[in-house]
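In: Next one to model:
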Amino acid sequence: MSFELWLAFLATETVLCFVPGPAVLLVVSVAMSRGARAGLAASFGILAGNALYFLCSATGVAALILASSRLFGVLQSAGAAYLVWLGLCMLLAPGRAPAAVTPQPLPRSFLRGFVVQTANPKALIFFVALLPQFIHPAAPVGPQVLILGITSVLIELLVLALYTGLAVRARRLAGARFAGRLERLGGGFLVAAGARLALVRAA
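Out: You can find the predicted model right below:
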């Protein structure tokens, strides 16, 4: 892999990480309603999901899943159902006192982040389509995937940590009532994302 190719991946991954999606909405909502530690735990869950997708892409498992329309459909339905369920939980969460921060067990926040990131099989398509663009076929594939994976995880860690910090600061400035509204807004987006995912069909 050339340095120029790595720089192209770095720029592409950075832009994509900053685009808000279900994962970012989850981290922001968790950080504002549950605190910075819970937000970071959810972030690490998302990173674990990305690492799993890189592993699947490197070993060819992703291609096998995409080749099976039945298996893809099962993943699609399970992912859509979980996103809708999680979004409804956020939408129907009871109101909190203005200064209250309801703590959440860190393993639960981690698991939420991991499941949200892996629940969307479209992410699997993304990794399968993206990685080959930055891999030199004449060089060993394994080391290149490792470099790209580490680069991706580090970039997303910094981006999600930034979102977490901004969410916590916004909570301190605006109070917990605004955090509750954002949590419900995030829940609405997750429900919409789940509904849209249910309509996706494998190519």
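
In: Strands along the protein, start to end?
Out: Counting by DSSP state E, one finds no strands in the chain.

In: Who are the contact partners of residue 41?
Out: By Cβ atoms under 8 Å, 6 or more residues apart in numbering, the contact set of residue 41 is 106, 107, 109, 110, 113. The way it works is simple: take the backbone N, C-alpha and C, and place the C-beta from them, glycine included.

In: 10 Å instead, please
Out: Residue 41 makes contact with 27, 30-31, 34-35, 104-113, 164 under the criterion Cβ atoms under 10 Å, 6 or more residues apart in numbering.

In: tally of neighbours for residue 133?
Out: 10 (other Cβ atoms under 10 Å).

In: Next: residue 151.
Out: Number of residues near residue 151 (other Cβ under 10 Å) recorded here: 16.

In: pLDDT averaged over stretch 58-72, what's the number?
Out: Stretch 58-72 shows an average pLDDT of 68 in the prediction.

In: what do you get for stretch 188-196?
Out: For stretch 188-196, mean pLDDT rounds to 77.

In: Same check on stretch 126-140?
Out: Averaged across stretch 126-140, pLDDT comes to 75.

In: buried subset of the contacts of residue 41?
Out: Among the contacts of residue 41, those classed as buried by 16 or more other Cβ atoms under 10 Å are 27, 30, 31, 34, 35, 104, 106, 109, 110, 112, 113, 164.

In: residues touching residue 49, list them.
Out: So residue 49 contacts 23, 113, 114, 115, 116, 117, 118, 119, 120, 123 (Cβ under 10 Å, 6+ apart).

In: Closest one of these to residue 156?
Out: residue 23 (8.6 Å; Cβ to Cβ).

In: Enumerate every residue touching the closest one.
Out: Residue 23 sits next to 17, 42-43, 45-47, 49-50, 113, 116-117, 120, 123, 156, 160, 163 when contact means Cβ under 10 Å, 6+ apart.

In: Among those, which one has the most neighbours?
Out: Of all the contacts of residue 23, residue 42 has the most neighbours under the rule other Cβ under 10 Å, reaching 31 neighbours.

In: Once you drop chain neighbours, what's closest to residue 28?
Out: residue 167 (4.5 Å; Cβ to Cβ, 6 or more residues apart in numbering).

In: State the distance from the one you found to residue 53.
Out: Look at residue 167 and residue 53: by Cβ to Cβ, to the nearest Å, they are 25 Å apart.

In: count of neighbours near residue 153?
Out: Every residue meeting other Cβ under 10 Å relative to residue 153 is counted, giving 18.

In: Next one, pLDDT for it please.
Out: pLDDT at residue 153 comes out at 89.

In: show me the contacts for residue 11.
Out: Counted by Cβ under 10 Å, 6+ apart, residue 11 has zero contacts.

In: so how far is residue 130 from it?
Out: Remark: distance between residue 11 and residue 130 (Cβ to Cβ) = 13 Å.

In: okay, the buried ones among the contacts of residue 41 in JSON lines with pLDDT and distance to residue 185 next?
Out: JSON lines is the format used below for those (pLDDT from 0 to 100; distance: Cβ to Cβ, whole Å):
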{"residue": "27", "pLDDT": "87", "distance to residue 185": "14"}
{"residue": "30", "pLDDT": "82", "distance to residue 185": "13"}
{"residue": "31", "pLDDT": "84", "distance to residue 185": "14"}
{"residue": "34", "pLDDT": "79", "distance to residue 185": "16"}
{"residue": "35", "pLDDT": "83", "distance to residue 185": "19"}
{"residue": "104", "pLDDT": "65", "distance to residue 185": "18"}
{"residue": "106", "pLDDT": "84", "distance to residue 185": "24"}
{"residue": "109", "pLDDT": "88", "distance to residue 185": "19"}
{"residue": "110", "pLDDT": "93", "distance to residue 185": "23"}
{"residue": "112", "pLDDT": "86", "distance to residue 185": "17"}
{"residue": "113", "pLDDT": "88", "distance to residue 185": "18"}
{"residue": "164", "pLDDT": "93", "distance to residue 185": "17"}
